[in-house]
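Colleague: mind looking at a prediction? Sequence and model below.
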Amino acid sequence: MKFIVEREELVDAVNWVARSLSNRPIKTELLGILIDVDTSITMVGSDLETSTKAIVKADIASKGKVLVPGRLLAEIARSLPNKPITFNLDGTRVLVTAGSAKFTLPTLPLQEFPNLPNPPETIGVFESETFIESVNQVAVAAGRDDSLLTLTGVNINIK
């Protein structure tokens, strides 16, 4: 697996995907971000309850899949210079280079990483600002006590 990606696209994707990583995972694989290189780069993270996915355009030299520590990748991505970033899988390590900066990421076992469920069929579309405004109006009533999780959410009914 080898590809070259622009820094800003990588940072945005990794930061988005890293949001769903568990702080105290029940499995080592849940610490990682899956990088799937095919016709584009797909990055996936999951804590078995929440999953995130980002698709990034890149110059792909060879295809492959690898699971790397997500928080470490996020820190590395933010610290890289604003130059094209090369990822190269070398055995059980991923070499990340940008200009004169070079990092080596260990890989995690890929076999136990959970598969994402297929998203449901789209039943409607509306402006993101409308959604944000609606959620903000009712989110103030959501509970803050984690002992009753059902009271900490916002119920959304789509008809």
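Modeller: Great, that's in hand.

Colleague: tell me which helix or strand the spatially most central residue of the chain sits in.
Modeller: Nearest residue to the geometric centre of the chain (CA atoms, centre = their mean): residue 17, 1.7 Å. Assessed by DSSP states H and E, residue 17 sits inside helix 7-18.

Colleague: and for the very next helix or strand once past that helix, what are the contacting residues?
Modeller: Sequence-wise, the next helix or strand beyond helix 7-18 is strand 32-37, with elements assigned using DSSP H and E. For strand 32-37, the external contacting residues (CB atoms under 8 Å, 6 or more residues apart in numbering) are 1, 3, 14, 17-18, 21, 41-45, 58, 60, 62-70, 73, 87, 108, 110, 113. To be clear about C-beta, it is placed using only N, CA and C from the backbone, and glycine gets the same treatment.

Colleague: by contact count, what packs against the helix or strand following strand 32-37?
Modeller: Reading on from strand 32-37 to the C-terminus, the next helix or strand found by DSSP H and E is strand 41-46. Strand 41-46 sits against helix 7-18, strand 32-37, strand 51-56, with contacts defined as 3 or more CB pairs under 8 Å, 6 or more residues apart in numbering; DSSP states H and E.

Colleague: now the last one: buried residues?
Modeller: By that I understand strand 51-56. Neighbour counts over strand 51-56 (16 or more other CB atoms under 10 Å) mark 52, 53, 54, 56 as buried.

Colleague: list just the nearest of the residues you listed to residue 26.
Modeller: residue 52 (18.1 Å; CB to CB).

Colleague: quick check: pLDDT value at that closest one.
Modeller: pLDDT, residue 52: 92.

Colleague: just give the nearest non-adjacent residue to it, would you?
Modeller: Leaving aside its sequence neighbours, residue 52 sits nearest to residue 20 (CB to CB, 6 or more residues apart in numbering; 4.1 Å).

Colleague: likewise residue 158?
Modeller: residue 123 (6.1 Å).
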